[in-house]
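**Student:** sequence and predicted model, in that order:
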Amino acid sequence: CAGINIILDGSPSGGNWNVSNPFNNTAGNYSYSYSYTDGNGCSSNATSNITVNANPSVSAGDVSGCNGININLLGSPSGGTWNVSNPYTNMIGNYSYTYSFTDGNGCSNSAISNITVNANPTVLAGDVSGCAGININLFGSPSGGTWDVANPFNNAMGNYSYTYSYTDGNGCSTNATSNI
């Protein structure tokens with residue numbers, strides 16, 4: 001593999017190569033000669049080829065998600081490994097991960113990317129009350145969320161509950177339940 005020492009073979013031992021041994025070069029096809037002189041001063045040489053395989057092109061990508069929710073990590077080509085669990089969960093913060101891949105020639109490469117774990121929003125819903133047959137405005141904060149019942153709420157006398165859900169700009173969601 002490119003960038004990895006390749007031990008050259010020559011027999012009988014004690015001869016000389018016309019290239020460094022171990023051989024280390026970029027991907028490509030090369031030739032080398034091995035020369036040997038015996039104790040009688042007779043010499044011979046042999047030429048052979050070296051194939052240096054390219055290391056695979058590997059990528060990983062920056063990912064983000066929400067606290068407490070599995071985050072799927074990226075890695076290409078498929079079939080590699082991550083140095084952290086995939087899917088990934090952790091506390092709020094910024095982290096890094098490494099994706100490594102080894103191809104069929106035994107050549108490997110890796111890529112490092114970032115993981116951002118975002119906080120879930122703080123969501124509030126408040127108990128409300130009103131008169132039967134009269135619209136009752138429900139409370140939910142921050143604004144822009146949704147209720148699981150109509151707002152304003154209008155129903156017969158009784159005790160009810162509602163849930164207010166909110167998703168922030170990072171795609172993180174939380175909900176809160178209160179009483180009517």
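**Tutor:** Great, that's in hand.

**Student:** what about V58, distance to D127?
**Tutor:** Shown here: V58 relative to D127, a distance of 55 Å by Cβ to Cβ, to the nearest Å. Where you see a C-beta, it was placed from the backbone N, CA and C, and this is true even at glycine.

**Student:** can you show me the strands along the chain?
**Tutor:** 16-17, 28-37, 43-52, 63-66, 81-82, 93-102, 108-118, 124-126, 139-141, 146-147, 161-167, 173-179 (DSSP state E).

**Student:** about what we covered before: who's more crowded, V58 and D127?
**Tutor:** For V58 and D127, the more surrounded residue by other Cβ atoms under 10 Å is V58, and the numbers stand at 19 against 10.

**Student:** hmm, back to that, export the strands of the chain to TSV and tack on distance to L8 and mean neighbour count?
**Tutor:** Converted to TSV, the strands of the chain look like this (distance: least, Cβ to Cβ, whole Å; neighbours: other Cβ atoms under 10 Å):
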stretch	distance to L8	mean neighbour count
strand 16-17	6	14
strand 28-37	6	14
strand 43-52	7	12
strand 63-66	43	19
strand 81-82	31	14
strand 93-102	23	16
strand 108-118	22	17
strand 124-126	72	16
strand 139-141	72	17
strand 146-147	70	14
strand 161-167	61	18
strand 173-179	61	16
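
**Student:** could you dump those into JSON lines with distance to N154 and mean pLDDT added?
**Tutor:** Below are the strands of the chain laid out as JSON lines (distance: least, Cβ to Cβ, whole Å; pLDDT from 0 to 100):
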{"stretch": "strand 16-17", "distance to N154": "91", "mean pLDDT": "94"}
{"stretch": "strand 28-37", "distance to N154": "78", "mean pLDDT": "96"}
{"stretch": "strand 43-52", "distance to N154": "77", "mean pLDDT": "95"}
{"stretch": "strand 63-66", "distance to N154": "34", "mean pLDDT": "97"}
{"stretch": "strand 81-82", "distance to N154": "52", "mean pLDDT": "98"}
{"stretch": "strand 93-102", "distance to N154": "45", "mean pLDDT": "98"}
{"stretch": "strand 108-118", "distance to N154": "37", "mean pLDDT": "98"}
{"stretch": "strand 124-126", "distance to N154": "18", "mean pLDDT": "95"}
{"stretch": "strand 139-141", "distance to N154": "16", "mean pLDDT": "95"}
{"stretch": "strand 146-147", "distance to N154": "13", "mean pLDDT": "97"}
{"stretch": "strand 161-167", "distance to N154": "13", "mean pLDDT": "97"}
{"stretch": "strand 173-179", "distance to N154": "16", "mean pLDDT": "97"}
